[in-house]
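1. build me a model:
(one chain, ligands or ions: 2)
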Amino acid sequence: MPIKVLARQVISKIAAGEVVERPASVVKELVENSLDAGASQITVEAQGGGVSLIRVTDNGSGIPEGHVELAFHRYATSKIDTLTDLERISTLGFRGEALPSIAAVADVEIITQAAGDIAGTYLHLRSSATVKREKRSRPRGTTVTVHRLFRHFPARLKFLKSPTTENGHIANLLSQYALAFPEVKFNLSVDGRLTLHTPGNGNLRDVVAEVYGLGVAQQMLEIGGVAQVPGVAGLASPASLARSSRGYLSFFVNRRWVRSSLLARAAEDAYQGLLISGKHPIVILNVSLPPQEIDVNVHPTKTEVKFRNTQTLYAAVEKSVRKVLVKAPPPKVKIATAPPSASPSLWTTEPPGTTSALAPSLSAAKGAEATSLPILRVVGQLASSYIMAEDPKGLYLIDQHAAHERVLFEKILAQRSQQKVEIQGLLEPVNIELSPRQEEVLKTKGELLNEFGFSLEPFGGRSYLLRAVPAIMKGANLSEAVRELLDVLTSDEGPLRREETIAQSLACHSAVKAGDSLTDQEMRELIRQLEQTTQPRNCPHGRPTMIHLSSRQLEREFGRTG
Ligand code: ADP
Ligand code: MG
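-> Ligands and ions are numbered 1, 2, ... in the order given. Presented below is the predicted three-dimensional model:
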């Protein structure tokens, strides 16, 4: 065949093939455009593995009326202008290829409205040609809908995996962008089901909770906070929290999601000697570098970057991660509690942070001074409600219910974060009647109850049979506990807080009550367990678990000192 220049249409299809490899590539390009447009909310819908439909809606800048067609021209972009701009790219897109590439392999509809435009623009393209254009108003922002991807590309379609796998790629991609942009609210629905939803409050840990679960979010260690070039910031798992694949390593360079073996090696090397072989950490890191230090124009999908100074970068990442790993205390569940109000009475409560009551040996122990307990000797039980105990520095009166609540609360959260919730099947199922509201909550959020160890099945009308409960609940009034939990779940709390609220409620229902008489052995055991909690001095609601009368106070009250 003689050599000839290919027809424009053929060229555009070849080029499109590089940018749009699979449905997730379309999502990537559209989401990047939304982020470049400054959106604070991005909603992605996918149907049929992204082949039938992908829709991305944002509240970004929108495209001005006269520029909409231009956006679908190859190499048309608003993001760079000159060759110098190419040397310092600060946007995710810059090649002006995405929209034309997508339009070359699918039907595309766009509705967009820019600030200041009286009306928005609707455009429908089929095989890159406009088939409809009209004015259509909408709030500022852009919605791009991509139908029937690769319909005219049977070869490409054949190479796609099952819809489930393609959905997985889309979900992973969106998770990565959500991790890179915690201040943006992301929603992903797949075949009508909401599968990812981030709060957009700027808190990376909250995004991690949505993507990897609460247990992980609570345990991750914070990297960064030091001003340096390159800047390294994010979260890394403690060595105790490892995974069997590298799929939990996420790297961003100036918040661009990148695949980089250099960064992966640097991060993993930081764990050297801490992880058993075959295990990998969970790491989410953003590297900030002056744009001229990197070249992102390496590949049409822009997921690879070249670094000017690889050695400095490697060292900075490895060092930043290593530093927090070495410093990390033994794994503890992070728990937030309100400080108790101090009472000025004879019996003083001990707000956390007070060290006067601590045995010298313990208060000297680093990191333990604020909350740990001295070794206590049980003296007896008072009014079947309080445990009296002493140490050389004075007398302690411990609220047995509050103390047990603290112990159980931490145990529940620890079991959750290690995914080792102990479940107790019930020999006699318990019949529970729910209110319409409680039933609604059970339908929407019942999965969370399952994760905590409850198993409920419908029994006609609004009756349910409780077949299993968390093992921790033995002795509790189960139907009351379940109903209260369903009430707790109606509230609009964030995921971390919601988890704590459930644990609080479970702990409260399962703990010994005031009025229960305890044996010496039981009291000793309870105090021993309380000593091992992170905040022994407060119950999960923040109330004090104990009040303390120091030897000095006793002496003063008895007039032994002046
Ligand atoms: P690039 O992102 O590389 O510039 P694209 O083909 O992805 O190229 O987009 C072309 C242009 O269309 C962008 O430069 C931008 O001006 C405009 N555009 C695309 N999507 C959006 C969006 N969601 N909001 C605002 N403008 C957009
Ligand atoms: Mg783009």
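2. show me where this structure dips below the pLDDT cut-off.
-> In the predicted model, the chain carries pLDDT under 70 at residues 328-372, 490-494, 562.
3. check it for the residue nearest ligand 2 and tell me.
-> Nearest to ligand 2 in the chain, going by Cβ to the ion, is G93, at a distance of 2.8 Å. For every residue, glycine as well, the C-beta is placed using N, CA and C.
4. doesn't V31 make contact with that residue?
-> No - the pair G93 / V31 is not scored as a contact, 10.4 Å apart, by Cβ atoms under 8 Å.
5. where's the residue of the stretch 151-300 of the chain found nearest ligand 1, which helix or strand?
-> Residue of the stretch 151-300 of the chain nearest ligand 1, by Cβ to the nearest ligand atom: P300 (10.3 Å). Under DSSP states H and E, no helix or strand contains P300.
6. pretty sure it is touching E18, no?
-> Yes - the criterion here is Cβ under 8 Å, and P300 meets it with E18 at 4.3 Å.
7. the two: who's more crowded?
-> P300 (18 against 13; other Cβ atoms under 10 Å).
8. after the helix or strand containing F186, heading C-terminal, what element do we hit next?
-> For F186, the enclosing helix or strand under DSSP H and E is strand 185-190. On the C-terminal side of strand 185-190, the closest following helix or strand by DSSP H and E is strand 193-197.
9. and that next one, what's buried?
-> T195, L196 (16 or more other Cβ atoms under 10 Å).
10. and the helix or strand that that strand is followed by, what does it pack against?
-> Of the helices and strands lying after strand 193-197 in sequence (DSSP H and E), the nearest is helix 204-212. Judged by 3 or more Cβ pairs under 8 Å, 6 or more residues apart in numbering; DSSP states H and E, the packing partners of helix 204-212 are helix 163-180, strand 193-197, helix 214-219, strand 231-236, helix 495-510.
11. what about 7 Å?
-> helix 163-180, helix 214-219, strand 231-236, helix 495-510 (3 or more Cβ pairs under 7 Å, 6 or more residues apart in numbering; DSSP states H and E).
12. what's near enough to touch A468?
-> Residues in contact with A468 (Cβ atoms under 7 Å, 6 or more residues apart in numbering) are I423, Q424, G425, L426, G453, F454, S455.
13. who wins on neighbours among those?
-> For the contacts of A468, the largest number of neighbours (other Cβ under 10 Å) sits with F454, at 23 neighbours.
14. how about the residues of this structure by ligand 1?
-> Residues of the chain lying close to ligand 1 (Cβ under 6 Å from any ligand atom) are 29, 33-34, 37, 58, 60-63, 71, 77-79, 93-99, 142.
15. what comes up buried for stretch 201-210?
-> Buried residues in stretch 201-210 (16+ other Cβ under 10 Å): N203, L204, R205, D206, V207, V208, A209, E210.
16. ah, wrong one, I meant stretch 425-433
-> Buried-residue list, stretch 425-433, by 16+ other Cβ under 10 Å: P429, I432.
17. contacts for that stretch next, please.
-> Stretch 425-433 is contacted from outside by 459, 462-469, 478-479, 482-483, using Cβ under 7 Å, 6+ apart.
18. neighbour count winner among G93 and V31?
-> Set G93 next to V31 and count neighbours by other Cβ under 10 Å: V31 wins out with 25 against 20.
19. circling back: who does the strand holding F186 pair up with?
-> Strand 185-190 has the following strand partners under DSSP bridges: strand 41-47 (parallel), strand 193-197 (antiparallel).
20. isn't N167 right up against S189?
-> No - using Cβ atoms under 7 Å, N167 makes no contact with S189, being 10.7 Å away.
21. and those two? Which one has more around it.
-> Neighbours were counted for N167 and for S189 using other Cβ under 10 Å; N167 has more, 23 against 16.
22. the spatially closest residue to the more buried one that is not a sequence neighbour and Y75: what is the separation?
-> Counting by Cβ to Cβ, 6 or more residues apart in numbering, V190 is the residue found nearest to N167 once chain neighbours are left out, at 5.1 Å. Separation of V190 from Y75 (Cβ to Cβ, to the nearest Å): 33 Å.
23. do the same with L204
-> 35 Å.
24. next: V184.
-> Where Y75 is concerned, V184 sits at a distance of 27 Å (Cβ to Cβ).
25. those two: which is more packed in?
-> Remark: of V184 and Y75, V184 carries more neighbours, 22 against 9, as counted by other Cβ under 10 Å.
26. so who does the more buried one touch?
-> Going by Cβ under 7 Å, 6+ apart, V184 touches L35, A39, S40, I42, G200.
27. rerun that using 10 Å as the cut-off
-> 31, 34-35, 38-42, 58-59, 177-178, 198, 200, 202, 207 (Cβ atoms under 10 Å, 6 or more residues apart in numbering).
28. restricted to buried residues, select these in PyMOL.
-> Listed next is the PyMOL selection for buried residues among the contacts of V184, using 16+ other Cβ under 10 Å:
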select buried, resi 31+34+35+39+42+58+59+177+178+198+200+207
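29. with adjacent residues omitted, what lies nearest to D295?
-> Spatial nearest neighbour of D295, chain neighbours left out: K306 (4.2 Å); criterion: Cβ to Cβ, 6+ apart.
30. ok, the one you found - contacts?
-> So K306 contacts S260, L262, E293, I294, D295, V296, N297, V298 (Cβ under 10 Å, 6+ apart).
31. of those, just the buried ones, PyMOL syntax please.
-> Filtering these down to the buried ones (16+ other Cβ under 10 Å) takes a single PyMOL command:
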select buried, resi 260+262+293+294+296
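32. secondary structure and distance to ligand 2 added to the contacts of K306, as a markdown table?
-> A markdown table is the format used below for these (DSSP: H, G, I helix; E, B strand; the rest coil; distance: Cβ to the ion, whole Å):
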| residue | secondary structure | distance to ligand 2 |
| --- | --- | --- |
| S260 | coil | 21 |
| L262 | helix | 25 |
| E293 | helix | 22 |
| I294 | strand | 18 |
| D295 | strand | 18 |
| V296 | coil | 12 |
| N297 | coil | 13 |
| V298 | coil | 16 |
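33. and P291, how far is that from N297?
-> With the distance defined as Cβ to Cβ, P291 ends up 11 Å from N297.
34. what is in contact with those two at once?
-> Shared contacts of P291 and N297 (Cβ under 10 Å, 6+ apart): L86, E87, I89.
35. residue ranges of the helices in the stretch 201-350 of the chain, please?
-> 204-212, 214-219, 261-269, 310-327 (DSSP state H, counting those that start in this stretch).
36. from the chain's centre, how far out does the shortest one sit?
-> Going back to what we said before, that points to helix 214-219. 8 Å (Cα atoms, centre = their mean, to the nearest Å).
37. what about P374, how many neighbours?
-> Counted with other Cβ under 10 Å, residues neighbouring P374 total 21.
38. correct me, but it touches L395?
-> No - P374 is beyond contact range of L395, at 12.0 Å (criterion: Cβ atoms under 10 Å).
39. not counting sequence-adjacent ones, nearest residue to E499?
-> Closest to E499 by Cβ to Cβ, 6+ apart is L214, at 4.9 Å.
40. re earlier: just put the helices and strands packed on helix 204-212 in a markdown table and tack on distance to F558.
-> Below are those laid out as a markdown table (distance: least, Cβ to Cβ, whole Å):
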| stretch | distance to F558 |
| --- | --- |
| helix 163-180 | 61 |
| helix 214-219 | 47 |
| strand 231-236 | 54 |
| helix 495-510 | 38 |
